[in-house]
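1. How does the following fold in three dimensions:
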Amino acid sequence: MKKDGTSEPAKPRKMVNRNTCNPLSLWCWFLTGLWGCTQTTLAGPPFITDDPEPVEFQHWEYYLASQHTRTKDGWTGLPALIEINYGIISNTQVHLIAPLAYDTPNQGPTHLGYGDTEIGLKYRFIQETPERPQIGGFPLIEFPTGKTERNLGSGHIGTFLPLWLQKSWGQEDRKWTTYGGGGYHINPGANNRDWTFLGWVLQRQITDKVLLGGEVYYHTPTQFHEEDETAFNLATIIDLSALHHILLSAGRSMDGPTEFQAYVAYQLTFGP
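-> Residues are numbered from 1 along each chain as shown. Prediction:
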């Protein structure tokens, strides 16, 4: 989720490739991404709300993404970010986001530079059955690597502590899935406020290659001069192959400052 309180998208956990990957090639992808690109998401692309399903053991997700938000004050966002998720052990993934951020106010200069870095650990502690949902936690820490004076970072270490639930039903190639939950964001700083996020998603696998869905989410103010926000996003995930995927979402506030928000990403998934 972004530092202005309007969240960023989440990630599709459903399409995991079974192909074998050369470890040297894997680290080349990782290092190239860290040098070549770089604000930060709270979520499970292309949604803001996340899910409890971690990347499978020894599998990888690699995103090249761009995310933008328009309010009455101007544009903010992440023209380029890299997100990397790895299934480090069963039911557990490690997570990294390295972002390039920008701020373009209606009045004043545009600023562009490296934003705040996010790391996290997702752990699923209850498995899904026909009768019960799967449940997991995904604590995130945001490090103040962006310049606050240029509105590219928060200036303080932030921590988000969420709990997510998910349930699916129907045939695999026409499956319905619903997930969501919420959490508490510890947001230190002179003008900042700790805030709460709640969100829910409903999505359906329309064909074996196309998923459509929508979400509604709410968060309390992130700063003392801000207001609550209730917003929605509509999204799609297109599987070009078992490895390559395109993610798109767009939406706006129903009650709040966001006039428009959009997210687009290329995702690479692979593993043994």
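2. which stretches of the protein have low pLDDT?
-> Within the chain, the ranges that satisfy pLDDT under 70 run 1-43, 173.
3. All the strands of it, in order from the start?
-> Applying DSSP state E to the chain gives strands spanning 60-71, 74-89, 92-105, 111-114, 117-126, 134-137, 140-143, 158-169, 176-186, 195-205, 210-219, 229-239, 244-255, 260-270.
4. Can I get the longest one in PDB, CA atoms only?
-> Below are the C-alpha coordinates for strand 74-89, written out as PDB (Å, rounded to 0.1, in the frame of the first residue of the first chain):
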ATOM      1  CA  GLY A  74      -2.300  15.900  -8.600                       C
ATOM      2  CA  TRP A  75      -0.700  12.600  -9.500                       C
ATOM      3  CA  THR A  76       1.400  10.200  -7.300                       C
ATOM      4  CA  GLY A  77       2.600   6.700  -7.900                       C
ATOM      5  CA  LEU A  78       5.200   4.200  -8.900                       C
ATOM      6  CA  PRO A  79       6.200   4.500 -12.600                       C
ATOM      7  CA  ALA A  80       8.300   1.300 -12.100                       C
ATOM      8  CA  LEU A  81       8.600  -1.300  -9.300                       C
ATOM      9  CA  ILE A  82      10.000  -4.700  -8.900                       C
ATOM     10  CA  GLU A  83       8.300  -7.200  -6.700                       C
ATOM     11  CA  ILE A  84       9.800 -10.600  -5.900                       C
ATOM     12  CA  ASN A  85       8.200 -13.400  -3.900                       C
ATOM     13  CA  TYR A  86       9.800 -16.800  -3.100                       C
ATOM     14  CA  GLY A  87       8.400 -19.900  -1.400                       C
ATOM     15  CA  ILE A  88      11.200 -20.400   1.200                       C
ATOM     16  CA  ILE A  89       9.600 -23.300   3.000                       C
END
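5. what packs against that strand?
-> helix 23-36, strand 60-71, strand 92-105 (3 or more Cβ pairs under 8 Å, 6 or more residues apart in numbering; DSSP states H and E). Glycine gets a C-beta too; all of them are placed from N, C-alpha and C.
6. Listing partners with orientation, what would you give for the shortest one?
-> Read it as strand 60-71. Strand pairing for strand 60-71, determined by DSSP bridges: strand 74-89 (antiparallel), strand 260-270 (antiparallel).
7. List the buried residues for the longest one?
-> In other words, strand 74-89. Neighbour counts over strand 74-89 (16 or more other Cβ atoms under 10 Å) mark 75-87 as buried.
8. same deal with the shortest one?
-> For strand 260-270, burial by neighbour count (16+ other Cβ under 10 Å) applies to Q261, A262, Y263, V264, A265, Q267, L268, T269, F270.
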